[in-house]
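# just coords:
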Ligand code: HEC
């Protein structure tokens, strides 16, 4: 691989989280801020500061199948992730989770402990 390709790939890779962050901010401003940034004592919606204390998976779950699912039903998975990353200030730790925060990787069974060479105790 030519070094210029490596540099370009690195730059693209580095700018991806920033793009998600930007999208998240714009999506939040359009779809969430009217309630969550209202700053009105009568409003039960947690403010940005409170949501920053939540985990990415919790917010993503809220948007996918929790109390905010109705607010985010028009958004696709990437957009929900971008919003969740923006409001929590955290990126997805486990990007192998599905839209509901469950692991997509299925580990089936354990390796057989008696398959390999072993000490038989004598
Ligand atoms: C129409 C007003 C409104 C809009 C729009 C709205 N929310 Fe909410 N949100 C609320 C209210 C009210 C609560 C508190 C719900 C409760 O306590 O049952 C809440 C709760 C939450 C919670 C905490 C849920 C929990 O169980 O911990 C999160 C996270 C959240 N909203 C994120 C969002 C995001 C992200 C958006 C934008 C996609 C959004 N909300 C749009 C009103 C709104």
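Received, thanks. As the structure is a computational prediction, the values presented were derived from the model and not from experiment.

# do you know how far residue 47 is from residue 78?
25 Å (CB to CB, to the nearest Å). All C-beta spots, glycine's among them, are computed from the backbone N, C-alpha and C.

# how about residue 38?
In terms of CB to CB, residue 38 sits 27 Å off from residue 78.

# now swap in residue 85 and tell me
10 Å.

# where do the strands sit along this protein?
Assigned by DSSP state E, the strands in the chain number zero.

# about what we covered before: neighbour count: residue 85 and residue 78, which is higher?
Using other CB atoms under 10 Å as the criterion, residue 85 and residue 78 rank with residue 85 on top: 21 against 11.

# pLDDT score for that one?
Per-residue pLDDT puts residue 85 at 92.

# hmm, residue 56 and it touching each other?
Yes: if you go by CB atoms under 8 Å, residue 85 and residue 56 touch, sitting 6.4 Å apart.

# where does the chain dip in pLDDT?
Low-confidence segments of the chain (pLDDT under 70): 1, 13-22, 41, 92-114.

# write out the residues of it neighbouring the ligand.
Selection of the chain residues close to the ligand by CB under 6 Å from any ligand atom yields 31-32, 34-36, 44-46, 51, 54, 59, 62-63, 66-68, 71-72, 83, 87.

# how close does residue 12 get to residue 3?
Using CB to CB, residue 12 is found at 15 Å from residue 3.

# now do residue 86
34 Å.

# can you check residue 82 too?
Counting by CB to CB - residue 82 and residue 3 are separated by 32 Å.
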